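Enquirer: Sequence first, then the predicted structure, then my questions.
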Amino acid sequence: MRAAIATILLPLPGVFLTLPATQPRPAHDARMADTTTVSITEWKVPWERSRPRDPYADAQHRVWFVGQAGNYVAYLDPASGKFTQFDIPEGTNPHNLIISRSGDVWFTGNRNATIDRLDPATGEVHAIPMPDPAARDPHTMVEDSRGTFWFTVQQGNFVGRLEPASGRVQLLHSPTARSLPYGIALDSHEHPWFCEFGSNKLATIDPATMTITEHPLPSPAARPRRIAITSDDRVWYVDYARGYLGVLDPRDGSVREWAAPSGPRSLPYALTVDDHDRLWYVETGPQPNRLVGFDPGNNTVFSVTPIAESGGMTVRHMTFDRATRTLWFGTDANTIARARVP
């Protein structure tokens with residue numbers, strides 16, 4: 001019998017991903033504690049329908065983000081509520097943003113195949129083009145302790161390394177065709193790990209040899225989308241297709257999964273880890289979306305909070321600011337949001 005399928009529209013126009021619609025569920029679900037809600041504050045972004053996303057706090061507590069549809073870089077001053085916008089080259093349509101160790105603002109040009117640096121003092125933008133025209137959509141990036149950037153290229157099916165001082169970009173083809181490299185994170189050895197959203201695999205890069213090792217997940221129907229790594233180097237992921245939070249232990253290759261509270265249609269997406277090694281993810285199936293806290297110490301969901309302004313919309317990425325112990329995320333409802341973790 002052929003499985004039923006569901007077609008999900010990805011952020012790039014005309015790009016579709018076909019996922020199995022129904023899959024068997026393992027027996028082990030997460031235990032539910034007496035869940036508490038967390039305090040969430042949202043600021044309405046003044047530029048309408050601009051898809052503000054991927055906020056990142058700097059040392060001055062300004063919260064930088066990109067407007068993917070609005071084609072801008074901006075920051076929010078949470079103390080005053082003031083927004084400041086910076087112009088960037090037309091057609092960039094930035095997807096992801098990070099603040100480098102040097103304090104510069106870096107973002108991925110999802111439509112013009114660049115990685116860009118913005119000087120926050122002058123607003124000047126310097127673009128570094130991809131060396132291969134097939135690497136057309138830089139996606140998500142992280143920085144290691146040496147100041148090197150690692151990034152995914154979703155539709156182009158690459159992962160890459162950028163050395164900012166020289167501007168040198170190295171690209172690696174993902175071993176699995178149309179694997180859609182997506183979320184990316186670094187372990188304690190500064191080995192990048194990334195999700196293959198178009199397959200049921202996680203993968204890691206050896207920086208010394210620039211080789212990729214893939215780790216298939218037990219279910220062929222799994223579609224890992226975002227990734228986070230706890231201090232014990234276990235690799236956590238959200239399975240967007242099946243509605244799970246899962247973990248791969250690289251030491252023995254074992255995988256465990258826990259059903260999201262909203263079940264198979266929860267569509268877990270944004271994911272991060274806090275300073276107590278607790279996982280936070282957003283269920284984007286329920287409307288409004290729900291922020292979920294999971295404690296791997298006792299395998300318990302301890303917090304579930306509706307995100308008020310996200311009804312009919314999606315939270316796509318989330319970061320944890322250690323200085324203020326807050327989560328930051330953008331919503332398709334045109335808000336930037338802060339959640340204070342307990």
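Expert: It's in.

Enquirer: Below-threshold pLDDT in the stretch 51-200 of the chain: ranges please.
Expert: Residues of the stretch 51-200 of the chain that meet the criterion pLDDT under 70 are absent altogether.

Enquirer: now the strands: where do they sit in it?
Expert: Assigned by DSSP state E, counting those that start in this stretch, the strands in the stretch 51-200 of the chain fall at 52-57, 63-67, 72-77, 82-87, 94-99, 105-109, 114-118, 125-129, 138-143, 149-153, 158-163, 168-173, 181-186, 192-196.

Enquirer: May I see the buried residues of the third one?
Expert: Along strand 72-77, these residues count as buried under the neighbour rule (16 or more other C-beta atoms under 10 Å): Y72, V73, A74, Y75, L76. Any C-beta I mention is one placed from the backbone N, CA and C, and that applies to glycine too.

Enquirer: ok, so of those, who is nearest G147?
Expert: V73 (20.1 Å; C-beta to C-beta).

Enquirer: got a list of what the closest residue in space to that closest one that isn't next to it in sequence touches?
Expert: Nearest non-adjacent residue to V73, counting by C-beta to C-beta, 6 or more residues apart in numbering: F86, 4.6 Å away. F86 sits next to Y72, V73, A74, L118, G123, V125 when contact means C-beta atoms under 8 Å, 6 or more residues apart in numbering.

Enquirer: what about the residue nearest to P268 when sequence neighbours are not counted, helix or strand, and which?
Expert: Spatial nearest neighbour of P268, excluding adjacent residues (C-beta to C-beta, 6+ apart): V238 at 3.8 Å. Counting by DSSP states H and E, the element that carries V238 is strand 235-239.

Enquirer: Buried residues, the next helix-or-strand element following that strand. List them.
Expert: For strand 235-239, the succeeding helix or strand toward the C-terminus, using DSSP H and E, is strand 244-249. Across strand 244-249, burial judged by 16+ other C-beta under 10 Å covers Y244, L245, G246, V247, L248.

Enquirer: Output the strands of the stretch 51-200 of the chain in a markdown table, with distance to R290 appended to each entry.
Expert: Listed next are the strands of the stretch 51-200 of the chain as a markdown table, based on distance: least, C-beta to C-beta, whole Å:
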| stretch | distance to R290 |
| --- | --- |
| strand 52-57 | 18 |
| strand 63-67 | 21 |
| strand 72-77 | 23 |
| strand 82-87 | 26 |
| strand 94-99 | 23 |
| strand 105-109 | 27 |
| strand 114-118 | 33 |
| strand 125-129 | 36 |
| strand 138-143 | 22 |
| strand 149-153 | 26 |
| strand 158-163 | 31 |
| strand 168-173 | 36 |
| strand 181-186 | 19 |
| strand 192-196 | 21 |
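
Enquirer: Looking at these, spot the one closest to F294.
Expert: Of the strands of the stretch 51-200 of the chain, the one closest to F294 (C-beta to C-beta) turns out to be strand 181-186, at 16.4 Å.

Enquirer: How far off centre is that closest one?
Expert: Centroid separation for strand 181-186 versus its chain: 7 Å, with C-alpha atoms, centre = their mean, to the nearest Å.

Enquirer: counting contacts, what elements does that strand pack onto?
Expert: Under the contact criterion of 3 or more C-beta pairs under 8 Å, 6 or more residues apart in numbering; DSSP states H and E, strand 181-186 touches strand 138-143, strand 149-153, strand 158-163, strand 192-196, strand 224-229.

Enquirer: which other residues reach the first one?
Expert: Spelled out, it's strand 138-143. 95-96, 98, 100-101, 106, 108-110, 113-115, 130, 149-154, 160, 162, 181-186, 192, 317.
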